[in-house]
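Participant: Next input, structure requested:
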Amino acid sequence: MKGSTIYRDGDHRWLVFARDPDRPDNIIDTNQCVVCVGGQTMLLDPGGMELFPAMLAALTQEVPADSISHLFLSHQDPDVSSSLPLWRRMCGANLEVLVPWMWTGFISHFDRDARMVKIPDEGTTVRLGGVALQILPAHYLHSPGCYVVYDPKARVLFSGDIGAALVPPEEADSLFVDDFNRHVAYMEGFHRRWMGSPQARDAWIGMVSRLDIDIMAPQHGKLFRGEDVRRFLDWFGGLEVGAGIGAMRQG
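Facilitator: Got it, this is the predicted structure:
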């Protein structure tokens, strides 16, 4: 699995781990983001259990496992959270697992003994070292209870499934989007189907448009930087979402 540093200022770092060459073809590719500040480490959507060995090996080349103080789960999907019990055994009893309040009882099916901190609907703030990370609501995009993470110092937004793309292997070498118009083809079907609420989409865009964002990092596919962040928000704002609803209409 490849690890890349996307932000660094002293001991404040953002890392992205992705593109595991040994990943089976039937396992969807995921981006695991990591924030390190002042000797503390937070894993954002740490991934599924199938990727855990590769992720652990790659991560511990950069930071010690005992520095991991927080896991953040943006929503309940197994590609986000099924590795939870494996990480908890590596990180120890003081690990805090930040979970949307409505999904704690479901994620407990993966690990009933995890120390879960319930994220309220309106979000919260988590201090990591000297940085206050903002946990912001993204409900119904695509889960009815999900969140994104914004780092105001690094100007990085971890956006979960928002901005996700199913990139073909022949175009997966680069970590960042290098041709936005071409990249749309890899995002469009996913967003039309998985994003079910235009009202939620518009509220989320209104919220994050007020933030200073240099890099937007989704959980799947390539990352956006610079003007491509705004291009994505404009494109997403004009997209017809909820494609599956058509199957329920009569005549």
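Participant: how about the CA coordinates for whichever strand or helix holds residue 97, as PDB?
Facilitator: If you go by DSSP states H and E, residue 97 is part of strand 96-100. Listed next in PDB are the C-alpha coordinates belonging to strand 96-100 (Å, rounded to 0.1, in the frame of the first residue of the first chain):
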ATOM      1  CA  GLU A  96     -11.300   6.700  21.400                       C
ATOM      2  CA  VAL A  97     -13.500   5.700  18.500                       C
ATOM      3  CA  LEU A  98     -15.600   8.600  17.200                       C
ATOM      4  CA  VAL A  99     -18.800   7.200  15.700                       C
ATOM      5  CA  PRO A 100     -22.100   8.800  14.500                       C
END
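Participant: What residues sit buried inside the following helix or strand past it?
Facilitator: Note on strand 96-100: by DSSP H and E, the next helix or strand toward the C-terminus is helix 104-107. Within helix 104-107, the residues scored as buried using 16 or more other Cβ atoms under 10 Å are 104, 107. Quick note: C-beta positions are derived from backbone N, CA and C, even for glycine.
Participant: can you list the residues that contact helix 104-107?
Facilitator: Helix 104-107 is touched from outside by 73, 76, 81, 84, 99, 114, 116, 118, with contacts defined as Cβ atoms under 8 Å, 6 or more residues apart in numbering.
Participant: so how far is that helix from its chain's centroid?
Facilitator: Centre-to-centre, helix 104-107 and its host chain are 18 Å apart (Cα atoms, centre = their mean, to the nearest Å).
Participant: Quick check: mean pLDDT of that helix?
Facilitator: For helix 104-107, the mean per-residue pLDDT is 94.
Participant: so what does the helix or strand following that helix touch, helix or strand wise?
Facilitator: Next helix or strand after helix 104-107 toward the C-terminus (DSSP H and E): strand 116-119. Packing partners of strand 116-119 (3 or more Cβ pairs under 8 Å, 6 or more residues apart in numbering; DSSP states H and E): strand 96-100, helix 104-107.
Participant: List the strands paired with strand 116-119, with their directions.
Facilitator: Sheet pairing of strand 116-119 (DSSP bridges) gives strand 96-100 (parallel).
Participant: Check what contacts the partner strand and list those residues.
Facilitator: Residues contacting strand 96-100 (Cβ under 8 Å, 6+ apart): 69-76, 84, 88, 107, 114-119, 126, 135, 143, 145-147.
Participant: ok, and the closest non-adjacent residue to the residue minimising distance to the centre of the chain?
Facilitator: Averaging the C-alpha coordinates of the chain gives a centre point, and the residue nearest to it by Cα atoms, centre = their mean is residue 160 (3.2 Å). Spatial nearest neighbour of residue 160, excluding adjacent residues (Cβ to Cβ, 6 or more residues apart in numbering): residue 74 at 4.0 Å.
Participant: Now do the contacts for residue 186.
Facilitator: 165-168, 171, 221.
Participant: rerun at 10 Å
Facilitator: 164-168, 171, 177, 220-222 (Cβ atoms under 10 Å, 6 or more residues apart in numbering).
Participant: ok, of those residues, which come out buried?
Facilitator: 164-165, 167, 177, 220-222.
Participant: is it possible to export those residues to JSON lines including secondary structure and pLDDT?
Facilitator: Formatted as JSON lines, the buried ones among the contacts of residue 186 follow (DSSP: H, G, I helix; E, B strand; the rest coil; pLDDT from 0 to 100):
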{"residue": "164", "secondary structure": "coil", "pLDDT": "96"}
{"residue": "165", "secondary structure": "coil", "pLDDT": "95"}
{"residue": "167", "secondary structure": "coil", "pLDDT": "91"}
{"residue": "177", "secondary structure": "coil", "pLDDT": "97"}
{"residue": "220", "secondary structure": "coil", "pLDDT": "94"}
{"residue": "221", "secondary structure": "coil", "pLDDT": "94"}
{"residue": "222", "secondary structure": "coil", "pLDDT": "96"}
